[in-house]
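Asker: Got a sequence here, can you build the structure:
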Amino acid sequence: MRRLQKLGGQTKAANGDEVDALPRSTVSTVLRGDKLPRSEFVSAFVTACLVYGGQPPEQVAVATESWLARWRALYAAGGREGAEGETPQGDPVAEAPKAGSVPRHLPLDVRFLAGRGAELKAAEELVRRQPGGSVLLLSGPAGVGKSAFAIRWAHHLIEDFPDGQLYVDLRGAQGPLDSEHALGVLLGGLGVQEGDCPADPRRRVERYRSLIANRRMLIVLDNACDTEQVRPLLATGEHCRTVVTSRNRMSGLVAREAAQRLVLDVLSAEAACTVLRAVIDEEYLVGARAELEELAELCGYLPLVLRLAAVKFSDRPGQGFKNFVRTMRDDSQLLSLALDGDHDSSIRAELEFSYRRLGLDARRYFRKIGLVDDDGFTLETGAALAGIPLAEADRLTGQLESEHLVAEIGRHEFSMHRVLQAFARAEERKAGEAQARTLTVACSG
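Answerer: A predicted model of the protein is given here:
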């Protein structure tokens, strides 16, 4: 008994104390009882017995998981747990999840994902190289299709995570969710009632991670803002995987949590045309190949903008496709693309979300570099346009690059895709008009 207790190792009680995973009194109670032990006890006890018997580590892991699978089946069938969930100190150990209700919270699968074959293969390779409990980060500019890619990929992985899939959109209707509220959403998905969620943020993290510790679960954290928001939400169980999408490069997550990062770029010209053709009836595109390619370019080869443009034309096809493309040459028409009654499907709203997160200096710099031509700009050009020192231009360019608002195309050379450029110029006009009004008021006073 003492040998098993030692091999069982230590676990952490809810109060943070390190306690024996297999107290001798608990082992004795469980072996004499007729109730289902907690999953944590099963894992520790089976592992200890197999190690005591001299089994190699790989066989220990397989056999322990087999016993846990049997435990989940019994629990789902209505087996009741015994009282061994209490440690000698009176603190409950990690809760066993209610396996009878497996969460399936992924949004509707994205059936059409043009031009992402190479990225899907790259994601598969990253996952194959990663151990359990790892993080896949999908990063890229607004409108590039990060959420669609993550949802399609998550559905592809469903069979690998039979204990459930959790999803939370970290960009709430009223703004970014803080990690405390996001944990409430995740705990709700695990069957924890709102009134039972711990008020202490640290306790919420402990409860969440305890619930999924021994489960094979996939957690999708969509539209994350920064690493501070994401870190408390990462699944730490060795059989879990977390997929994060963000416009931010989240270098901290890569450095500290060893997240594997996959950056999604804009589509190729061919794939962009495929997206347009998927929505627009072919009869309207006869003899309009040049206009189709021009529209794809005007949309910056961004999946969101391409779909919004295609739907807008399809709502009123009588105007003629060539005429529609001519109207899209106007930046104001391009930025006004949106779906009726769906504020989330608006390219201006998407870009404003990124823009408002910038500091005042970075906003001004963003507006100024939007005035350069389509060939891009250098740090010297950016500094001259904004009237700031070169070192400051370098710092601000780094901030914009981190949010995928500019992209490096060469040594100290950067570019901004057309839709972002149109938005930057529109914001510069608004800033100029606001300044003019202020001067007028000041002069009249």
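
Asker: Residue 243 touches residue 219, doesn't it?
Answerer: Yes - with contact defined as C-beta atoms under 8 Å, residue 243 and residue 219 form a contacting pair (7.2 Å). No exception for glycine: its C-beta is placed from N, CA and C like everyone else's.

Asker: more neighbours, those two?
Answerer: residue 219 (26 against 23; other C-beta atoms under 10 Å).

Asker: From residue 187, how far out is that one?
Answerer: Using C-beta to C-beta, to the nearest Å, residue 219 is found at 12 Å from residue 187.

Asker: Next, the distance between the ends of stretch 217-237.
Answerer: 9 Å (C-alpha to C-alpha, to the nearest Å).

Asker: Report the distance from that stretch to the chain centre.
Answerer: Mean C-alpha position of stretch 217-237 versus that of the full chain (C-alpha atoms, centre = their mean, to the nearest Å) differs by 7 Å.

Asker: And for stretch 433-445?
Answerer: Distance of stretch 433-445 from its chain centroid, counting by C-alpha atoms, centre = their mean, is 43 Å.

Asker: Hmm, residue 220 is touching residue 165, no?
Answerer: Yes - contact criterion C-beta under 8 Å: residue 220 and residue 165 qualify, at 7.0 Å.

Asker: Quickly list what's touching both of these two.
Answerer: Common contact partners of residue 220 and residue 165 (C-beta atoms under 8 Å, 6 or more residues apart in numbering): 106, 154.

Asker: When those two are compared, which one has more neighbours?
Answerer: residue 220 (25 against 22).

Asker: how much space between that one and residue 185?
Answerer: When residue 220 is compared with residue 185 (using C-beta to C-beta), they lie 12 Å apart.

Asker: doesn't residue 63 make contact with residue 55?
Answerer: Yes - counting by C-beta under 8 Å, residue 55 does reach residue 63; the two are 7.1 Å apart.

Asker: What are the boundaries of the strands in the protein?
Answerer: Ranges of strands in the chain, per DSSP state E, are 10-12, 18-20, 135-139, 165-169, 171-172, 175-176, 218-224, 241-246, 260-263, 338-339, 342-346, 377-378, 407-410, 413-415.

Asker: Turn the ones you listed into TSV, including mean pLDDT and distance to residue 311.
Answerer: Supplementary listing: the strands of the chain in TSV, determined by pLDDT from 0 to 100; distance: least, C-beta to C-beta, whole Å:
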stretch	mean pLDDT	distance to residue 311
strand 10-12	56	52
strand 18-20	57	58
strand 135-139	94	24
strand 165-169	95	22
strand 171-172	77	22
strand 175-176	80	27
strand 218-224	96	22
strand 241-246	95	23
strand 260-263	94	27
strand 338-339	84	7
strand 342-346	70	9
strand 377-378	92	33
strand 407-410	89	27
strand 413-415	92	28
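
Asker: Now those strands in CSV, please, with extra columns for distance to residue 384.
Answerer: Below are these laid out as CSV (distance: least, C-beta to C-beta, whole Å):
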stretch, distance to residue 384
strand 10-12, 57
strand 18-20, 60
strand 135-139, 30
strand 165-169, 41
strand 171-172, 35
strand 175-176, 35
strand 218-224, 35
strand 241-246, 32
strand 260-263, 29
strand 338-339, 35
strand 342-346, 33
strand 377-378, 9
strand 407-410, 18
strand 413-415, 14
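
Asker: wait, which of the ones you listed is closest to residue 103?
Answerer: strand 165-169 (5.7 Å; C-beta to C-beta).

Asker: Give the other helices and strands that that closest one contacts.
Answerer: helix 179-189, strand 218-224 (3 or more C-beta pairs under 8 Å, 6 or more residues apart in numbering; DSSP states H and E).
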